[in-house]
Structure formats: C-alpha cells, structure tokens
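Trainee: Predicted model and sequence follow; I will ask about them next.
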Amino acid sequence: MSSQPTMPPEKQPPAKAPGLLRSSGLVGIMTMFSRVLGLVRDMVIARYFGAGAGADAFFVAFKIPNFLRRLFAEGAFSQAFVPVLSSYRAKHSVSDVKRLVDAVAGSLGLVLLGITLVAMLGAPLLTAVFAPGFLDDDVKFALTSDMLRITFPYLLMISLTAFAGGILNSYDRFAVPAFTPVLLNLAMIGAAVYLTPLMSEPIMALAWGVFIAGALQLFFQLPFLMRLGLMPRPRVDYRHEGVSRILKLMVPALFGVSVSQINLLLDTVLASFLQTGSVSWLYYSDRLSELPLGVFGIAIATVILPSLSRKHAAASNDQFAATLDWAVRAVLIIGVPSALALVLLAEPLIATLFHYGEVTDRDVAMSAQSLRAYSAGLLAFMVIKVLAPGFFARQDTRTPVKIGIIAMVANMVFNLALIVPLAHAGLALATSLSAWLNAVLLWRGLKRRVPGKASQAGGNTSCKLAWQMLPWLPLFCG
Amino acid sequence: MQIGLANAAMVAVILWLNYPVMRWLSADGIERSLYMGVLVVASASAYFIVLALTGVRVRHFRQR
C-alpha cells in the first residue's frame, strides 16, 4: 500500500508506444466492426422476436444493467482509473502498480457484487421504476423481472472488463479492449439462433446471451493481463492511496456522465409529448449520427487519454498541448466531411438502412429532418469527446462537469424555444447547439490551463476550419 | 484551405451523382444499398484525392 516512489520509471516494463494515428485507426476499425455487427444483431433479434411483449420485456431487462454500465463502468470509472494508473506507472515501482491493480480489483469487485446481489433480489422493484408502464401487464412484468435477474450480473462482469480494458489501454494494448464488444454481439446472435429453440420461453435465450457475453468479454481479456504481469489478485483495501484518489475523481465524473444521460431522458420525455413517431424519428437519426462519432470520435478519445495522462504526469505542457492539437485536427479532417455527407445524404441514408416493412416515406422525411439537425452538432460532439480527456488526464473531473451542467441548462432552454417551431427536429437542433456551447467552453477552459504554443496553434487550426465551415451553414438549415 | 477545397470536391461529387429523393424511396433494398456504396466510395475518394493533391499527407498526422 506504499505510495512512496521506490523505483525509477525506467524499471517498468518497456511500453511499446505505437503512433496515435495507428492506434486510433485500429480502435476505429474494431469499433466499426462492432457497430456493423450490432446492426446485424438488431436485425436478427427483430427477425426472431419482432416487437412483441417478449421483446419489450427483454429490451428493458437489458437496458437497466446497460444504462448503469455506461454511467459507472465505461463512464466514471474508466475516466478516473486510467489517469491514476498512468501516474502510478510514471512515478512508482512495478510492485506499487501491481498493488494498485489488486486493491482496485478487490474494492471494485466487492461493491459490484453487493450491487448485483441487491438488484437480483429487488428485480421487481427495479422493473417498476424503469418500466412503470409494465405494471398493468402481469405477464410482461414477471418476464422482465425474471430476465433482469439473469442480465444484471452482466454489470458486474462488464465493469470488471472495463477495469481490465483500462489497464490494457494504459499499456497501449488498444486492440484487445476495442475488439471485446464484438463478443457481446456474437454471443447474442448465437443465443438467438441456437438457444431459442431450447427454451420454454424463447425470449429468455437473449437474456442468457447477455449473461454469456459478460463472461466471454471478461475471460477474453484475462490472458492479455497475464502477459503484462498484471493479472489482479483482488484485495479489498479502500484506504489505498490510489483507490481513494479514484473514488474522489469518480464522484464528479459520475455526475458528469449522468448529465448527458439526464439530457437524453429529458429529450425523450419532451418527444413523447409530440406526435406519434417523433421518438422513433429521433432514434433512427441518432443511430446514424452516432456512427461517425462512435467510430472516429471515441477511437481518438480512447487512445489520447493514456497519452495525455503520461504527458501530464511528465509535466510536459508543450507535448500535452501538441497531443490535444493533433486530436482536434484529426477530428476536423474526419468530422467536417462526415457532417456534410450526413446533411446531403440524409434521406438516402435513412431510406437505405430503415425504409423497410412498417417504415413509411413520411417517416424517412421526418427522420431526415432530425438527422440534419444532429449533423449540425456532429463536429461539436466529436470535439467534446477529445477535449474532455484533456481535463481527465489532469485529474480534473470537476470542470467538464460544471461545463456539462451549463450545457444541460442551455439544452433545456433551446429545447423549449425550438420544440414549437421545429417539433422533433427542434429537439435535435437544441442538442446540437448545446453541444457547441459545451465544446467552446471546454476549449476555452483547456486553453487557460495549458498555455503551450501548440494549444494556440490548435486554436488557430480550429478557428480557420470553423471559418471554412461557415459557407456550408445553409445546408444544415435545409 | 486544403480541407475546404476537399470538402467542396466531395459536395460536388455528391450533388452530381445523387438520385432525387423519390427515386431513393421507390428503389428496392439492393439497389439502394449498391448505389449508396457507389456514392460513399466516390465522395470519399474525391475528398482524399483533393487532400493529397493539395499537399496533405498521412505523415502530418503521425504523433507519438
């Protein structure tokens, strides 16, 4: 539990440092593969289970642990753990790093095990909170609770997977964590095809698919941790200096992630007051605008966090700023054409992917409107993804949260102002406008904290490109 | 400037090759998918070719 530097950093295992471009490309390709397989998974589920009561029950039973995973494992925990681990690698001995990993594994594992057991026991209560509409239908309600008991341990397993993935990312082993989500899609496709005929209640196959996916994803990463010599031997120790630092960083980060989740929730609540179809139009257009964001934005954000954390730990302001500048330029070179293409090809893209069966010509037109509105904010969504790690790497999780709250309030104001004239597209446009506000405030905050030359250059690059974007503005309003 | 030119080239290719909306809506799934593939490849090629012609190289984005 010692936090004294006992060995110089050069005694650590030599870290191979592949270029950020190559790493981002690798993570992007893996993420793209996973997203495409996710689409295939949705098609298989639709084919086997349609949109009946069973499918409704499953989507809720899967949504609850998945929502908590976003909030906790992949959101707050990863953002707090990676910078602390990087600072341990830079300033402490290998055995101190190992002790940190053991203490985090034990402490995190125990909390998650407790939450999982309580949730499994209180599954009906959770169902009532997340799906109050099911209370009127006893069969659907009971089915959801039964499936929730099977799907909830997924939270435990996927959180430990995120922990293992955080370690691997810190050691620049990006490919393994990036490939892992593919296993979820494969397990669910496999369960739908092979387990369904074996179940008395066919939809239960999907719940078991989720459970198997959690186990597969966790066990898949373990050999790679062993190879790094960092296979955890869980030890509960909440007083470990690193664990308490992670906990301190997690609280605001947890709030920061919640802000975006609350935003999404409020948008859905407002959309439910609009004409029938509005929620679906927003869902379809969001799925499309998420594609470039999910593939490129998240890929770049994933690989720069460990790099920025190392540069901050080494107190190298200029290199820190240069890495941020690289990330912003990389986002611009992909984000600008992606946004323009989504605007120009809104109807063709929606028609190609979703215009089948029950989806009408009007649905395509309405979804295209909200897709254009989301595209106006695509660049901002991507810039936020790469600027926020600039704060996390400096172990400052409070500032992005404060900015997130300002953006959330602005989003509500924009929502109320735009929902009457533009209906569902107004909600999408409000999301985009508040994302721009968020991005500008993050950039200003970083500029103040990182006075290196490169950050000025990055600012200039951004300004020039923003200027070049202006002539295209009418397209987004079309 | 280079990115502005590349985006202009991409937009020009899309506007030139794109079908009217009604044709997209009446086409079958295979035709829509194939033509979307053509549009994506053509517009992405235009973008990256113009970037290369104006002097942007992959090495400018290499960073450790």
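Mentor: Noted; the coordinates are in hand. The structure displayed is predicted, hence computed values, not measured ones.

Trainee: Pull the number of nearby residues for the residue nearest to A:Leu349 when sequence neighbours are not counted.
Mentor: The shortest distance from A:Leu349 to any residue other than its chain neighbours is 5.8 Å, reached at A:Leu288 (CB to CB, 6 or more residues apart in numbering or on different chains). C-beta here means a position set from N, CA and C on the backbone, and glycine is covered the same way. By other CB atoms under 10 Å in any protein chain shown, 21 other residues sit near A:Leu288.

Trainee: and what of the one 10 residues further on?
Mentor: Neighbourhood size, A:Ile298 [other CB under 10 Å]: 19.

Trainee: so what's it up against?
Mentor: Residues in contact with A:Ile298 (CB atoms under 8 Å, 6 or more residues apart in numbering or on different chains) are A:Val27, A:Thr31, A:Lys385.

Trainee: what helix or strand does the first one sit in?
Mentor: In the assignment (DSSP states H and E), A:Val27 maps to helix A:20-49.

Trainee: quick one on the thing from earlier: may I ask which of the contacts of A:Ile298 has the most neighbours?
Mentor: Going by other CB under 10 Å, A:Val27 tops the contacts of A:Ile298 with 24 neighbours.

Trainee: Model confidence for it, exactly?
Mentor: Looking at A:Val27, its pLDDT reads 75.

Trainee: hmm, back to that, as JSON lines, the contacts of A:Ile298 with distance to chain B would be great.
Mentor: Converted to JSON lines, these look like this (distance: CB to the nearest CB, whole Å):
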{"residue": "A:Val27", "distance to chain B": "15"}
{"residue": "A:Thr31", "distance to chain B": "18"}
{"residue": "A:Lys385", "distance to chain B": "17"}
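
Trainee: hang on, the earlier thing: could you measure the residue nearest to A:Leu349 against chain B, distance?
Mentor: 12 Å (CB to the nearest CB, to the nearest Å).

Trainee: now A:Ala187
Mentor: Using CB to the nearest CB, A:Ala187 is found at 27 Å from chain B.

Trainee: Remind me which helix or strand the closest residue to that residue other than its chain neighbours belongs to.
Mentor: Among residues not flanking A:Ala187 along the chain, A:Ala213 sits closest, at 3.7 Å (CB to CB, 6+ apart). Using DSSP H and E, A:Ala213 falls within helix A:204-228.

Trainee: what is the mean pLDDT for that helix?
Mentor: Averaged across helix A:204-228, pLDDT comes to 94.

Trainee: Whichever residue of the stretch 101-250 of chain A sits closest to chain B: neighbouring residues, count only.
Mentor: Closest approach between the stretch 101-250 of chain A and chain B, counting by CB to the nearest CB: A:Asp172, at 10.4 Å. By the criterion of other CB under 10 Å, A:Asp172 has 17 neighbours.

Trainee: so it, which of the three states?
Mentor: With DSSP: H, G, I helix; E, B strand; the rest coil as the basis, A:Asp172 sits in coil.

Trainee: I figured it hits A:Arg310, correct?
Mentor: No - judged on CB atoms under 8 Å, A:Asp172 makes no contact with A:Arg310 at a distance of 9.9 Å.

Trainee: same for the helix ranked longest in chain B, what does it pack against?
Mentor: Counting by DSSP state H, the longest helix found in chain B is helix B:29-53. Packing contacts for helix B:29-53, counted by 3 or more CB pairs under 8 Å, 6 or more residues apart in numbering or on different chains; DSSP states H and E, involve helix A:317-344, helix A:346-354, helix B:2-17.

Trainee: returning to that earlier point: what are the phi and psi values for the residue of the stretch 101-250 of chain A closest to chain B?
Mentor: phi 60, psi 20 (degrees, to the nearest 10).

Trainee: Buried residues of the helix holding A:Val27, list them for me.
Mentor: Residues of helix A:20-49 classed as buried by neighbour count (16 or more other CB atoms under 10 Å in any protein chain shown): A:20-21, A:23-28, A:30-35, A:37-38, A:41, A:44-45, A:48-49.

Trainee: residues making contact with stretch A:59-77?
Mentor: So stretch A:59-77 is in contact with A:108, A:119, A:126-127, A:130-131, A:134, A:144, A:147-148, A:150-152, A:154-155, A:158-159, A:161-163, A:166, A:206-207, A:210, A:246, A:250, A:253-254, A:256-258, A:261, going by CB under 8 Å, 6+ apart.

Trainee: Just the buried ones from these?
Mentor: Buried among the contacts of stretch A:59-77 (16+ other CB under 10 Å): A:108, A:119, A:126-127, A:131, A:134, A:144, A:147-148, A:150-152, A:154-155, A:158-159, A:161-163, A:166, A:206-207, A:210, A:246, A:250, A:253-254, A:256-258.

Trainee: do you know how far the closest residue to A:Gly377 other than its chain neighbours is from chain B?
Mentor: The shortest distance from A:Gly377 to any non-neighbouring residue, by CB to CB, 6+ apart, is to A:Ser432 (2.6 Å). Going from A:Ser432 to chain B by CB to the nearest CB gives 19 Å.

Trainee: What's the local residue count around A:Ser432?
Mentor: A:Ser432, neighbours per other CB under 10 Å, totals 23.

Trainee: and of the helices and strands packed on helix B:29-53, who's closest to A:Asp396?
Mentor: helix A:317-344 (12.6 Å; CB to CB).
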